[in-house]
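Participant: Below are the sequence and a predicted model; questions follow.
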Amino acid sequence: KAGVTQTPRYLIKTRGQQVTLSCSPISGHRSVSWYQQTPGQGLQFLFEYFSETQRNKGNFPGRFSGRQFSNSRSEMNVSTLELGDSALYLCASSPYDRGGAYGYTFGSGTRLTVV
Amino acid sequence: KQEVTQIPAALSVPEGENLVLNCSFTDSAIYNLQWFRQDPGKGLTSLLLIQSSQREQTSGRLNASLDKSSGRSTLYIAASQPGDSATYLCADQGAQKLVFGQGTRLTINP
């Protein structure tokens, strides 16, 4: 059974550009969450989607947005990139809203570097 | 607002030792608690999940406990091996998101 797939694995962008990251959850999973990981702030929640609806959003500026498609695949978009957006972006999937007894399974992440 | 703390931030022990990693949380109304490991530059691998109604879970050499009254969870690793070297993170499945501790970076010395 395939795991959570994130593409691309690595990305280098210039300040001011925008970027789109992709996450394909485990087959049958309807919940997709996004997290940002930096050395200083650790893991911070960005947003969660369940059945194409955003259920929860973290404390990030409006430059960070996302969506979920009918096949549960999700994309995250960051516009007007800043140097501080350099981070490992992790996606997690779950069959249930709120994780439940299954919990969350994470992908390998996308390493974004903004120069 | 749930806050999760992991102390110490780093731990180094010789191979073969049994060890305990600690996780503290401020809100006893914890939902479920999940332990992960992360290898450098990689994603998170789920180790154990303890539901709020449970006291402990075991998988191989790993045992995780949950004490909601004291706001603590522990991850016990038996007979540690160099391959156990990684960062270990605990997280509360709060209101539709995971709230993470900062992690404990574990090094097992051969």
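Facilitator: Cool, the structure landed. What you see is a predicted model; the values in this text were computed from it and never measured.

Participant: pLDDT wise, what is residue 38 at?
Facilitator: No chain specified, so I'll use chain A. Looking at residue A:38, its pLDDT reads 96.

Participant: Switch to chain B, please.
Facilitator: Value for residue B:38, per-residue pLDDT: 97.

Participant: Quick check: closest non-adjacent residue to it.
Facilitator: Computed as C-beta to C-beta, 6 or more residues apart in numbering or on different chains, the closest residue to residue B:38 that is not its neighbour in sequence is residue B:87, at 4.7 Å. To be clear about C-beta, it is placed using only N, CA and C from the backbone, and glycine gets the same treatment.

Participant: Quick check: residue A:57 touching residue A:34?
Facilitator: No: counting by C-beta atoms under 8 Å, residue A:57 sits too far from residue A:34 to count as a contact (10.0 Å).

Participant: so what sits against both of the two?
Facilitator: Any residue near both residue A:57 and residue A:34 by C-beta atoms under 8 Å, 6 or more residues apart in numbering or on different chains counts here, and that gives A:46, A:47.

Participant: Point out the residues in chain A that sit beside chain B.
Facilitator: Applying C-beta under 8 Å from any C-beta of the partner chain, one finds that chain A approaches chain B through A:4, A:6, A:33, A:35, A:42-43, A:45, A:48, A:55-56, A:58, A:88, A:90, A:92, A:97-109, A:111.

Participant: need the contact list for residue B:72.
Facilitator: Residues near residue B:72 by C-beta under 8 Å, 6+ apart: B:22, B:23, B:24, B:25, B:66.

Participant: Strands - which of those land there?
Facilitator: Using DSSP state E, the subset of the contacts of residue B:72 located in strands is B:22, B:23, B:24, B:25, B:66.

Participant: what about the strand or helix carrying residue B:91, distance to the chain center?
Facilitator: Assigned by DSSP states H and E, residue B:91 belongs to strand B:86-93. Chain-centre distance of strand B:86-93: 5 Å, with C-alpha atoms, centre = their mean, to the nearest Å.

Participant: Does the worst-scoring helix or strand of chain B on mean pLDDT reach chain A?
Facilitator: Every helix and strand in chain B was compared by mean pLDDT, DSSP states H and E; the lowest is strand B:98-100, with a mean of 93. Yes: judged by C-beta under 8 Å from any C-beta, strand B:98-100 comes into contact with chain A through B:98, B:99, B:100.

Participant: Of those, which is the most crowded?
Facilitator: Counting neighbours by other C-beta atoms under 10 Å in any protein chain shown, residue B:98 leads the residues of strand B:98-100 next to chain A with 28 neighbours.
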